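Peer 1: need the 3D shape of this:
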Amino acid sequence: MRDMAQLRLQTEVQQLEGSIQPSEGSLSPYIVPDAETLTNHLNLVKQLASSARFIVVIPKAVIDTLDMSKKTQQGARDTIKYLEREFHKGNRYLRAQKENEVVKSVKRKKTKNEDKRVWSFYGILDCCRYFAHQSSEYDSSGMVTILTSYKIEQTLPEILHALIQNTRSEGINVENVTVFHAKWKTQG
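Peer 2: Model prediction:
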């Protein structure tokens, strides 16, 4: 009985994902928060997930970052507890990235001194590319938004700033979570 319910929920999610198409001026149907956003702005992400307007996808790279941070950050522990609870309940608007949901860019080796934020962003981007390329029937730009706690205009490491610019050229938006949340509130 439980397996049948799980299969039904998975089918509903697949149908919902297949029917999503962004319109001009609308917010992305797929939102992908980074680890810092989940750690520092979990309440905003919870509101977005419970709105039933978005599918919040948690990439493996974000889960790995949270796992590494849980020993030193209470916010990471709280986020992990929340995600585990929601995944167990089968929340159809909040889910983890699946193994096959990856479109990798240029394969690169991690250098010894590379910023962990940059490496994590590559993993997030690989996940987002998958969702951005799901439909060949229409323009995929605007399908996915990466939510970050960075102020996009602030001084970021050069490589991270370049990655964000390239991400936009691939049709994937990158927005500050508080800015995105405010847009959602005004669109009601």
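
Peer 1: quick one: the strands in the protein, in order.
Peer 2: Assigned by DSSP state E, the chain shows strands spanning 30-33, 55-58, 94-96, 144-148, 172-176.

Peer 1: in TSV, list those strands along with mean pLDDT.
Peer 2: Converted to TSV, the strands of the chain look like this (pLDDT from 0 to 100):
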stretch	mean pLDDT
strand 30-33	96
strand 55-58	97
strand 94-96	96
strand 144-148	94
strand 172-176	91
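
Peer 1: Serialize the ones you listed to a markdown table and add fields for distance to Met68 and mean neighbour count.
Peer 2: Glycine gets a C-beta too; all of them are placed from N, C-alpha and C. Supplementary listing: the strands of the chain in a markdown table, determined by distance: least, C-beta to C-beta, whole Å; neighbours: other C-beta atoms under 10 Å:
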| stretch | distance to Met68 | mean neighbour count |
| --- | --- | --- |
| strand 30-33 | 17 | 26 |
| strand 55-58 | 15 | 22 |
| strand 94-96 | 17 | 19 |
| strand 144-148 | 18 | 26 |
| strand 172-176 | 22 | 21 |
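
Peer 1: and those: which comes nearest Lys104?
Peer 2: Closest to Lys104 of these, according to C-beta to C-beta: strand 172-176, at 14.2 Å.

Peer 1: by contact count, what packs against the closest one?
Peer 2: Judged by 3 or more C-beta pairs under 8 Å, 6 or more residues apart in numbering; DSSP states H and E, the packing partners of strand 172-176 are helix 116-132, strand 144-148, helix 158-169.

Peer 1: picking that back up, okay if I get the strands of the chain as a markdown table plus distance to Lys185?
Peer 2: As requested, the strands of the chain are exported to a markdown table (distance: least, C-beta to C-beta, whole Å):
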| stretch | distance to Lys185 |
| --- | --- |
| strand 30-33 | 14 |
| strand 55-58 | 16 |
| strand 94-96 | 19 |
| strand 144-148 | 14 |
| strand 172-176 | 14 |
